[in-house]
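Visitor: The following block contains a protein sequence and its predicted model.
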There are 2 protein chains.
Amino acid sequence: MIQAIDRAARVLTSLQGARHLGIAELAAALELPPSTVHGIVKSLQSHGLVAKEPHGNRYMLGPALLKLSNVYLDTLDVRARALRWTAELARRSRFATRLGVELFDEVIIIHHDPRPDGTEQMPETGLSIPAHASALGKVLLAYNAELAQTVLGSGSGAARQLRALTGDTLTSPRELEQQFGQIRERGLADELDEAVLGEASVAAPIADRSGTVVAALSVVLPSSDWPADDAVRNALRETARNISRELGATRWPN
Amino acid sequence: MIQAIDRAARVLTSLQGARHLGIAELAAALELPPSTVHGIVKSLQSHGLVAKEPHGNRYMLGPALLKLSNVYLDTLDVRARALRWTAELARRSRFATRLGVELFDEVIIIHHDPRPDGTEQMPETGLSIPAHASALGKVLLAYNAELAQTVLGSGSGAARQLRALTGDTLTSPRELEQQFGQIRERGLADELDEAVLGEASVAAPIADRSGTVVAALSVVLPSSDWPADDAVRNALRETARNISRELGATRWPN
DNA sequence: GGCTCACATTCGACATCGCCGAATATTCCG
DNA sequence: CGGAATATTCGGCGATGTCGAATGTGAGCC
C-alpha cells in the first residue's frame, strides 16, 4: 500500500463524509500535520479530484469525480445488458427496481428505474446502503462467502454488532447467516423495513459466465405491499435469469 | 505536486480513456515500469477506486468513484438551488436544459432536464464537452479571463488549433475571443452544430454572492429550431438570474 | 479601525518511503 | 502439455515526500 495514495484516498473519504473541510480539520481527521495534508490536497486539486470552495478556504470533492464515475458506469457490462430488462420488470411489476454491486461492506446502486406511476422520484443511482440492511446486500453476501466473512466479522462466533438503520435492521451476524441458506435455496432475499421504514424489497442474484454472482437485482415496494406476491417474485427471478444468461451464464443459482 | 498522487490520478485518467487496461498497458501509457504501476493500482484498488475486471487480469475504474461523485453532486450548492428553476425552464421552453461547471478545458454537466416531450432520452449528467465547442463553455470562458487564457492558448496571438468535434466547431482562439465581447454584452452565448451535428444551444451565466460566474445554464434545441426565439432567450436569462439571486448575487452580468 | 488569533500556505533538511530491477508465480496461448 | 507473456513479489538504493518552523492571509473581536 503506497502511503501517499492511501492518504489521498482517505482525504477523499473524509470529504465524502463531511462535505466541506479546511486543511486543519482534515489534518485532525487523518491525524497528520497540516502541511502534509496541504500537499496531498493540492495534488488532488490539480487533477480536479478536490476543489476549493468558491470563497471560503475549505475544500470539497471535485468535478473530475463526476466524469470518472460516468465512465465507470459506462464500463460496467452488467449494467449495460441489464437496462432493457430492468425497465421491463419495473413496467410489469409496477414497482421501482434497483441494480447493485458490492463496495466493501455496502451495496452501491448502479441503476435505478423509478416506480412507473408518474410521480417524481429522486434518482437513486450512486446511493449506497450497508450490505447487511438490504435485500441486494443479503444476496451478495449469501453467494459470496469471502465477502460475508469480512462484513459479518472475523470468522467463528464473533457476535459483532452491525449498524442499525431502523429498529428492524438485523444487527446480529448469526441471524443473517441463518437467512443465507434460505436465500440460496430460493434464489431470493427479502427485506422489510430494515434499511428505511416503510420500504421493503426483494432481490435476486445475477451471475456471469463463470457462475460468479456479480450483481443483484431488486424490486422495491411499500412495506404495506409486503410480502410481494408470486407474480412479482417470479418476474424478478426471471429477469435476473435473463440478465445472467445474457452475460453468458449457463447455470445460475436460483 | 506529490509524485505518487500525480501518478495515481494519471492511472485513473488512463482508465477513463481506455476503460479496461492491464498493468503492462498502463505502464506503457504512463511510461513507468510495470512493478511501479502495479503498486499504484493495488493501492487504488484497496480503496475501491479501481477494480479488477471479474475474470480477466485487466483493471477498470472502481465503484467508489460512483459514491464519491454522488456526494460531489450533493455538495454543490448551485445545483441544489438550480433544480427547481431548471425544471420550470424545461417545462416552459419545451426544450432540454443543462447546468454545467468548468473542469479544466471542458464543461461538465452537473444537471440535465430532458426535453419534456415524453420520449426516452439518455441522461446527460456527468457528460463533459470541450469548453470551446459548447454554449455553456463559451459563457464560462467569456466571464473568466484566466480560464480563457489557459484554454485558448498561451497569451498573445498564438494560433493554437482547438479540437474540432464537427465541421462547424470553432477551432481558432481568435474567432472565439471575438464572440466573448458579444456574449458579455448580451449575457447569452450561442452555439450551432459546434459540438454535435443537429444540435444547437443557448447559454447564460450564473453568478454567486461575489459576482463570480460559477456555472452556466443552457437550453438545447434541434438545429432546425435555431435561432431560439426571444421568449426562450428571455426565459433562459430570467432563470439564470433567479438562480444567481438565490445564490446571493446582487448584481449579475446579463 | 487596529489588533490578535487561527488558519492556510511556503520552504528546506532529514530520513523515510516508495521506486525499480530481477526473480517468481500465474495465466493464456498454441 | 509446453512456452511465452503477463501479473505479482521482494529487497536495497536513493530520490521523494514528510514534517517543523517561518511566513502570509483573512476574519473576528474589542
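Guide: That came in fine, so what should we check first? Residues are numbered from 1 along each chain as shown, chains lettered A, B, ... in the order given.

Visitor: For the closest residue to A:Arg163 other than its chain neighbours, give its distance to chain B.
Guide: The shortest distance from A:Arg163 to any residue other than its chain neighbours is 5.9 Å, reached at A:Pro130 (Cβ to Cβ, 6 or more residues apart in numbering or on different chains). The way it works is simple: take the backbone N, C-alpha and C, and place the C-beta from them, glycine included. Per Cβ to the nearest Cβ, to the nearest Å, A:Pro130 is found 13 Å from chain B.

Visitor: now swap in A:Asp193 and tell me
Guide: Distance from A:Asp193 to chain B, by Cβ to the nearest Cβ: 24 Å.

Visitor: Check A:Thr97 too.
Guide: From A:Thr97 over to chain B (counting by Cβ to the nearest Cβ), the distance is 16 Å.

Visitor: hmm, back to that, name the residues linked to the residue nearest to A:Arg163 by a beta bridge.
Guide: Per DSSP bridges, the residues bridged to A:Pro130 are A:Glu106.

Visitor: What score does it have for pLDDT?
Guide: With respect to pLDDT, A:Pro130 has a value of 97.

Visitor: Around it, how many other residues sit close by?
Guide: 18 (other Cβ atoms under 10 Å in any protein chain shown).

Visitor: quick one: contacts for whichever residue of the stretch 51-200 of chain A sits closest to DNA strand C?
Guide: Nearest to DNA strand C in the stretch 51-200 of chain A, going by Cβ to the nearest atom of the strand, is A:Asn57, at a distance of 4.1 Å. Counting by Cβ atoms under 8 Å, 6 or more residues apart in numbering or on different chains, A:Asn57 touches A:Gly22, A:Ile23.

Visitor: buried ones in the host helix or strand of A:His38?
Guide: Assigned by DSSP states H and E, A:His38 falls within helix A:34-45. The neighbour-count check on helix A:34-45 (16 or more other Cβ atoms under 10 Å in any protein chain shown) flags A:Val37, A:His38, A:Gly39, A:Ile40, A:Val41, A:Lys42, A:Ser43, A:Leu44, A:Gln45 as buried.

Visitor: and those near DNA strand D, which?
Guide: A:Gly39, A:Ile40 (Cβ under 7 Å from any atom of the strand).

Visitor: how about the buried residues of helix A:34-45 in TSV, adding distance to chain B and pLDDT?
Guide: Listed next are the buried residues of helix A:34-45 as TSV, based on distance: Cβ to the nearest Cβ, whole Å; pLDDT from 0 to 100:
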residue	distance to chain B	pLDDT
A:Val37	11	93
A:His38	11	93
A:Gly39	6	92
A:Ile40	6	94
A:Val41	10	94
A:Lys42	7	94
A:Ser43	4	94
A:Leu44	7	95
A:Gln45	10	95
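
Visitor: Now flag whichever of the buried residues of helix A:34-45 is closest to A:Ala87.
Guide: A:Leu44 (37.1 Å; Cβ to Cβ).

Visitor: was I right about that closest one contacting A:Arg10?
Guide: No - the pair A:Leu44 / A:Arg10 is not scored as a contact, 11.2 Å apart, by Cβ atoms under 8 Å.

Visitor: count of residues packed around the closest residue to A:Asn242 other than its chain neighbours?
Guide: Using Cβ to Cβ, 6+ apart and skipping the chain neighbours, the partner closest in space to A:Asn242 is A:Trp85 (5.5 Å). Number of residues near A:Trp85 (other Cβ under 10 Å) recorded here: 20.

Visitor: swap in the one 3 residues further on?
Guide: The burial count assigned to A:Glu88 is 15, neighbours taken as other Cβ under 10 Å.

Visitor: Read off the pLDDT value for it.
Guide: Among the per-residue scores, A:Glu88 holds a pLDDT of 97.

Visitor: Could you identify the helix or strand that succeeds the strand or helix carrying it?
Guide: If you go by DSSP H and E, A:Glu88 is part of helix A:77-93. The helix or strand immediately downstream of helix A:77-93 is strand A:96-103, counting by DSSP H and E.

Visitor: Between helix A:77-93 and that following strand, find me the angle.
Guide: Calculated by axes from the mean of the first three to the mean of the last three Cα atoms, to 10 degrees, strand A:96-103 forms an angle of 150 degrees with helix A:77-93.

Visitor: A:Pro34 versus the closest residue to DNA strand D within the stretch 101-250 of chain A, what's the distance?
Guide: Residue of the stretch 101-250 of chain A nearest DNA strand D, by Cβ to the nearest atom of the strand: A:Glu146 (15.9 Å). Between A:Glu146 and A:Pro34 the computed distance is 39 Å (Cβ to Cβ, to the nearest Å).

Visitor: now A:Val107
Guide: A:Val107 is 36 Å from A:Pro34, by Cβ to Cβ.

Visitor: repeat for A:Arg245
Guide: 55 Å.

Visitor: Alpha carbons of the helix holding A:His38, in CSV - could you do that?
Guide: Extracted C-alpha coordinates of helix A:34-45, given in CSV (Å, rounded to 0.1, in the frame of the first residue of the first chain):
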residue,chain,number,x,y,z
PRO,A,34,-1.4,20.3,8.3
SER,A,35,1.5,20.9,6.0
THR,A,36,1.4,17.2,4.9
VAL,A,37,-2.3,17.3,4.3
HIS,A,38,-1.9,20.5,2.4
GLY,A,39,0.5,18.9,0.0
ILE,A,40,-1.9,16.0,-0.6
VAL,A,41,-4.9,18.2,-1.1
LYS,A,42,-3.0,20.4,-3.6
SER,A,43,-2.1,17.4,-5.6
LEU,A,44,-5.6,16.1,-5.7
GLN,A,45,-6.8,19.6,-6.6
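
Visitor: Thanks a lot, catch you later.
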